[in-house]
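*Asks:* pasting the sequence and the predicted model now:
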Amino acid sequence: MQQTLVILKPDALQRGIVGEIITRFERVGLKIVATKMLRPDYEHYYAHYETIGTLKTRRGDDAFNVTLQMMQEGPVIAMVLEGVDAPEQVRKMVGTTEPKSAAPGTIRGDYAHISFNRANTEGVGMPNLIHASADADEAAKEIAHWFSDDELFSYEVLHEKYTQAQRNK
């Protein structure tokens, strides 16, 4: 089983669609092994978006600064999901970073529609509801940044046989 980090951003909380988003992950058989609501400071986001994610390096100061400003507009819900190929499964369900380009049926495709151009013109961060780790390596680093080992839980759910193709134990 793999684990991945998901952050429900301030715009997801402010719109009141957190439950709908979490339900989607549970319905495909992903298991929540950690979750918490918090309001991280600038340094925490800096480490997440630049030390781990290299956003500033890849997209420049403007994109980095508006992203950190947007993330500090309210609390977030951070969670760790576990399942077969969890990072890839979650990324598929979330959709592309730009909601305008996200396919219908994805979280961003169904609940957001803004384009990079619109966000850049307005000088705001991309309100795309959710962050998901890019791959297993990034997920491991992000999980360690957001959660301590004692905040991660191991337990069984009844549907694992069917959602994880496990043999009867």
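*Replies:* Yep, it's here.

*Asks:* only C-alpha atoms for contact and neighbour calcs from this point on.
*Replies:* Fine.

*Asks:* least confident secondary structure element in the chain?
*Replies:* When the helices and strands of the chain are scored by mean pLDDT, DSSP states H and E, helix 160-163 comes last with a mean of 78.

*Asks:* quick check: which helices or strands does it pack against?
*Replies:* Applying 3 or more CA pairs under 8 Å, 6 or more residues apart in numbering; DSSP states H and E, one finds that helix 160-163 contacts no other helix or strand.

*Asks:* could you pull out the buried residues of it?
*Replies:* For helix 160-163, the neighbour count (16 or more other CA atoms under 10 Å) marks Glu160 as buried.

*Asks:* cool, stretch 26-39 as well?
*Replies:* Those would be 29-35, for stretch 26-39 by 16+ other CA under 10 Å.

*Asks:* the helices in this protein, which residues?
*Replies:* Under the criterion DSSP state H, helices of the chain are mapped to 10-15, 18-27, 42-46, 55-59, 61-71, 86-94, 107-111, 116-122, 136-146, 160-163.

*Asks:* just checking, Ala63 touches Gly125?
*Replies:* Yes. Ala63 lies in contact with Gly125 (CA atoms under 8 Å); the separation is 7.1 Å.

*Asks:* which one of the helices of the chain lies closest to Lys100?
*Replies:* helix 107-111 (7.1 Å; CA to CA).

*Asks:* next one: the closest one to chain centre, how far?
*Replies:* 13 Å (CA atoms, centre = their mean, to the nearest Å).

*Asks:* buried sites along that helix?
*Replies:* Applying 16+ other CA under 10 Å to helix 107-111 flags 107-109, 111 as buried.

*Asks:* and stretch 12-19, by the same measure?
*Replies:* 12-13, 18.

*Asks:* for Glu98, give me its contacts.
*Replies:* Glu98 makes contact with 108, 113-116, 126, 128 under the criterion CA atoms under 8 Å, 6 or more residues apart in numbering.

*Asks:* hmm, which two among these are most spread apart?
*Replies:* Farthest pair in the contacts of Glu98, by CA to CA: Arg108 and Phe116, 13.3 Å.
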